[in-house]
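[1] pasting the sequence and the predicted model now:
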Amino acid sequence: MGMRRLFCLLACLAVSACFPVSPPAPGPRVAARTQLHHLAPPSALPPPAAVKVAPPQRPAIPVAPPQLTSCEMAGIRFEGVAFDARSHRLIVADQPAGPGTRWPDAATAASAHGGLAAINAGFFTPTGQPLGKLVAAGTPAGSWNRASSLGSGVWLESPSGTSAIFRRESVPASVAAQELVQAGPMLVENRQVVAGLEATKSSVRSVIFWDGGTRWWIGHASPCTLAALARALVAGGPAAWSPRVALNLDGGRSADLCITAAIPGGPVKRRALWNKPVRNFLVLLAR
């Protein structure tokens, strides 16, 4: 072999060693095995049930400013305030030293807190102690009323600022609440009249109700029975929307409502001359 041919052969072998020649493309079965080899193992793949399609989103209800409502239904006169919890909230104005020791009425309680409205709230004993659990600005008072219908419901605001009404059986004794009032009886649940409500004694009523979302109403009803009040609320109620849950507050001689001039149509003050001072109020504030 001449020196020139030998030199060419050695050069070709060197190039082949540095740049290996690609193997031929695999056939269909080999290609399939190659693709499967690069997929994640079955244990790493989400099961079919984990793939969920999000339901269509309902348009949010526009936030409406607080509105004074006054109407008559089934022979009962309603006066109060409808508001949206996204823009406004309720707080408990409590008087640890006893009824009337800080604020003699709802008007002074509203004024002291810069509130738009105020209404008497929970029941209290002859000695001025809360008849049930109470929390004001995170400070607890009273104790759980587990027996009387006057404590069958609980309105509360959580530390995160969400408000709701519950049956007392649904609320743990150690519940964390920023604001809380135990009262009763429950008047409406799941848009239905609660069974067994008193149907013979007529009195002025204080009430709070909720649509189950962000809309609330606080106010008074003219003298009526609890059963008649619940039926009127289920039939439509004084707000522009139907209540899902309604809770009776202290009424009768304790009934006291103030709606300030900050709400169109105000001011409105409803407190009879024979009313007595109360232990606590719910005050409506802007967030």
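    Perfect, thanks for sending it.
[2] from Gly212, how far off is Phe281?
    Look at Phe281 and Gly212: by C-beta to C-beta, to the nearest Å, they are 24 Å apart. All C-beta atoms are positioned from the backbone trio N, CA, C, and that covers glycine.
[3] which one of the two has more residues nearby?
    Under the criterion of other C-beta atoms under 10 Å, the comparison of Phe281 against Gly212 puts Phe281 first, with 33 against 14.
[4] in three-state terms, label the more buried one for me.
    The three-state label given to Phe281 by DSSP: H, G, I helix; E, B strand; the rest coil is strand.
[5] low-confidence ranges in the stretch 51-200 of the chain?
    Applying pLDDT under 70 to the stretch 51-200 of the chain flags the ranges 51-59.
[6] ranges for the strands of the stretch 151-287 of the chain?
    Using DSSP state E, counting those that start in this stretch, the strands found in the stretch 151-287 of the chain span residues 153-157, 163-167, 179-183, 186-189, 192-193, 203-210, 215-224, 245-249, 257-259, 268-270, 280-286.
[7] which strands or helices does the shortest one pack on?
    Applying 3 or more C-beta pairs under 8 Å, 6 or more residues apart in numbering; DSSP states H and E, one finds that strand 192-193 makes contact with helix 226-234.
[8] how far does the helix it packs on sit from its chain's centre?
    Taking C-alpha atoms, centre = their mean, to the nearest Å, one finds helix 226-234 lying 23 Å from the centre of the chain it belongs to.
[9] among the strands of the stretch 151-287 of the chain, which is nearest Ala109?
    Nearest to Ala109 among the strands of the stretch 151-287 of the chain is strand 280-286 (4.4 Å), distances taken as C-beta to C-beta.
[10] that closest one pairs with which strands?
    strand 88-94 (antiparallel), strand 117-120 (antiparallel) (DSSP bridges).
[11] out of the ones you listed, deepest packed?
    strand 117-120 (a mean of 30; mean count of other C-beta atoms under 10 Å).
[12] which helix or strand lies directly C-terminal to it?
    strand 134-136 (DSSP states H and E).
[13] can you list the strands that that following strand pairs with?
    Partners of strand 134-136 in its sheet, by DSSP bridges: strand 139-141 (antiparallel), strand 179-183 (antiparallel).
[14] any chance of the ones you listed in TSV, with mean neighbour count and distance to Ile208 too?
    Shown next, in TSV, are the strands paired with strand 134-136 (neighbours: other C-beta atoms under 10 Å; distance: least, C-beta to C-beta, whole Å):
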stretch	mean neighbour count	distance to Ile208
strand 139-141	14	19
strand 179-183	27	8
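[15] nearest to Ser203, out of those?
    Closest approach to Ser203 among the strands paired with strand 134-136 (C-beta to C-beta): strand 179-183, 14.6 Å.
[16] what's that closest one in contact with?
    90-92, 121-123, 130, 132-137, 140, 142, 144-145, 150-151, 153-157, 163, 168, 247-250, 280, 282 (C-beta atoms under 8 Å, 6 or more residues apart in numbering).
[17] in PyMOL, select just the buried ones from those residues.
    Buried residues within the contacts of strand 179-183, by 16 or more other C-beta atoms under 10 Å, are selected in PyMOL with:
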select buried, resi 90+91+92+121+122+123+130+132+133+134+135+136+142+145+150+151+153+154+155+156+157+163+168+247+248+249+250+280+282
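[18] among the strands of the stretch 151-287 of the chain, which is nearest Asp105?
    Closest among the strands of the stretch 151-287 of the chain, using C-beta to C-beta: strand 257-259, at 7.2 Å.
[19] given that closest one, what are its sheet partners and their directions?
    strand 117-120 (antiparallel), strand 268-270 (antiparallel).
[20] contacts for that strand next, please.
    Contact with strand 257-259 is made by 68, 79-81, 105-107, 109-110, 116-120, 206, 219-220, 265-271, as judged by C-beta under 8 Å, 6+ apart.
[21] ok, now with 6 Å
    68, 81, 106-107, 110, 117-119, 220, 266, 268-270 (C-beta atoms under 6 Å, 6 or more residues apart in numbering).
[22] now do it: distance to the chain's middle.
    23 Å.
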